[in-house]
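Asks: dropping the sequence and predicted coords here.
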Amino acid sequence: MKDGLTNHLISVSKDAENLLNNLMENYKKLDEKLSEKSKEINQLEWIKLMNNYKNTAEEIILKELIYTENV
């Protein structure tokens, strides 16, 4: 049972990481404020946006992947 649980946790962790990376890439593509030029011009605004998108992506992952796995 221990190996099964470990394998399941590793699988969920990899899925969550892949989903986070995909969501963040999509956010970067869709929002022009996240371009490298914007990053150079106004770093604080860029960081705030990135943090906001990361928090949003993490909430999506928790609701869709983590919490539904246990139901």
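Replies: Alright, I've got the coordinates.
Asks: what strand or helix carries the most centrally placed residue in the chain?
Replies: Nearest residue to the geometric centre of the chain (Cα atoms, centre = their mean): Leu20, 2.6 Å. Using DSSP states H and E, the element containing Leu20 is helix 2-30.
Asks: one more: Thr68?
Replies: Using DSSP H and E, Thr68 sits within helix 67-69.
Asks: what residue ranges in the chain score low on pLDDT?
Replies: Counting by pLDDT under 70, the ranges of the chain that qualify are 1, 69-71.
Asks: and Thr56, how close does it get to Lys2?
Replies: According to Cβ to Cβ, to the nearest Å, Thr56 stands 35 Å off from Lys2. All C-beta spots, glycine's among them, are computed from the backbone N, C-alpha and C.
Asks: neighbour count winner among these two?
Replies: Set side by side, Thr56 and Lys2 show more neighbours around Thr56, with 13 against 6, by other Cβ atoms under 10 Å.
Asks: from Ser38, how far off is the more buried one?
Replies: Using Cβ to Cβ, Thr56 is found at 18 Å from Ser38.
Asks: what's the local residue count around Lys48?
Replies: Count around Lys48 with other Cβ under 10 Å applied: 12.
Asks: swap in the one 5 residues further on?
Replies: Tyr53 has 18 neighbouring residues, counting by other Cβ under 10 Å.
Asks: I figured it was touching Met24, is that so?
Replies: Yes. With contacts counted by Cβ atoms under 8 Å, Tyr53 reaches Met24, the gap being 6.5 Å.
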